[in-house]
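1. Below are the sequence and a predicted model for it; my questions follow.
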Amino acid sequence: MTKPTSRNSLSDPYVKTSFVPRLGINGDSFGRFSESTARYMGTSKFILQMSVFVIAWFVWNISVPTDLRFDPYPFQFMTLALSLQASYAAPLILLAQNRQDHRDRISMDEDRARAAQTKADTEYLARELAALRMKVGDVTTRDYLRSEMDRLRGDLAELTEALRTAQVIAPAADKGRSGDRSKPKKKRPAESTSSRRTPTEGQ
């Protein structure tokens with residue numbers, strides 16, 4: 001029976017090994033600490049406190065007796081302390097900026113998705129409004145019905161007036177025709193026999 005090989009051995013190419021022990025640091029907590037530190041270092045309060053600290057350092061190492069001076073001129077210890085502070089402050093500020101950039105990127109992605117959704121909704125509403133406008137154009141409106149009813153009333157009034165006029169004129173024409181038929185025709189008077197005589201007979 002073969003002995004199972006360890007997955008953490010150096011001969012295994014699929015396992016990443018590291019000689020540096022991993023520290024159990026919460027990245028989110030350390031990121032919040034870096035942001036708070038960078039935010040504090042970017043205020044006027046930090047600048048004022050740092051100025052007071054440096055001035056006090058100078059005054060102490062210049063005015064007090066030589067035995068009590070812990071960093072005499074040229075203040076090498078203070079230079080080292082400020083260098084260490086700057087070397088730690090720069091990565092903290094960069095980490096805070098990276099986290100802010102990450103948040104900005106997420107916010108931009110959300111805004112882009114929201115803008116795309118809003119554009120799609122707007123286009124859909126525009127199409128729906130166009131379809132409704134076309135359908136409403138085919139539907140009879142109240143104003144159109146009112147105008148048509150007024151036109152029909154006017155036409156009906158004209159027809160009624162025309163019928164009344166025709167009914168008044170027709171009886172008068174009928175009476176005229178019947179009166180002409182009832183009158184007897186005058187007979188032409190017969191010529192006398194004497195008038196019918198020929199000229200020879202008169203002679």
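-> Looks like it came in fine. This structure is a prediction, so every number in the text was calculated from the model and none was measured.

2. switch to C-alpha atoms for all contacts and neighbour counts from now on
-> Noted.

3. Kindly spell out which helices and strands sit in contact with the lengthiest helix in the chain.
-> Using DSSP state H, we find that the single longest helix of the chain is helix 76-138. Contact analysis of helix 76-138 by 3 or more C-alpha pairs under 8 Å, 6 or more residues apart in numbering; DSSP states H and E lists helix 27-41 as its packing neighbours.

4. Go again with 10 Å.
-> Contact partners of helix 76-138 among helices and strands, from 3 or more C-alpha pairs under 10 Å, 6 or more residues apart in numbering; DSSP states H and E: helix 27-41, helix 44-63.

5. quick check: angle from it to helix 27-41?
-> Using axes from the mean of the first three to the mean of the last three C-alpha atoms, to 10 degrees, the direction of helix 76-138 lies 110 degrees away from that of helix 27-41.

6. Any stretches of the protein with poor pLDDT?
-> Along the chain, segments meeting pLDDT under 70 span 1-27, 137-140, 170-203.

7. what's the closest of the helices and strands packed on helix 76-138 to Leu95?
-> helix 27-41 (6.6 Å; C-alpha to C-alpha).

8. Tell me the buried residues in that closest one?
-> 31, 34-35, 38 (16 or more other C-alpha atoms under 10 Å).

9. can you check stretch 154-162 too?
-> Going by 16+ other C-alpha under 10 Å, stretch 154-162 has no buried residues at all.

10. pull the CA atoms of that stretch into CSV?
-> The C-alpha coordinates for stretch 154-162 follow below in CSV (Å, rounded to 0.1, in the frame of the first residue of the first chain):
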residue,chain,number,x,y,z
GLY,A,154,-78.6,71.2,-40.0
ASP,A,155,-79.2,68.8,-42.9
LEU,A,156,-82.4,67.5,-41.3
ALA,A,157,-83.6,71.0,-40.8
GLU,A,158,-82.9,71.9,-44.4
LEU,A,159,-84.7,68.7,-45.6
THR,A,160,-87.7,69.5,-43.3
GLU,A,161,-87.9,73.0,-44.7
ALA,A,162,-87.7,71.7,-48.2
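
11. Which residues does that stretch contact?
-> 148-153, 163-168 (C-alpha atoms under 10 Å, 6 or more residues apart in numbering).

12. Inside helices: which ones of those residues?
-> Those of the contacts of stretch 154-162 lying in helices (DSSP H): 148-153, 163-168.

13. Can you say which two of these are spatially most distant?
-> Among the ones in helices among the contacts of stretch 154-162, Glu148 and Val168 lie farthest apart (C-alpha to C-alpha), at 30.2 Å.

14. Against Leu145, how distant is Met134?
-> Met134 sits 19 Å away from Leu145, going by C-alpha to C-alpha, to the nearest Å.

15. Which helix or strand contains Pro74?
-> Secondary structure assignment for Pro74, by DSSP states H and E: no helix or strand.

16. could you list every residue that touches it?
-> Contacts of Pro74 by C-alpha under 10 Å, 6+ apart are 58, 61.
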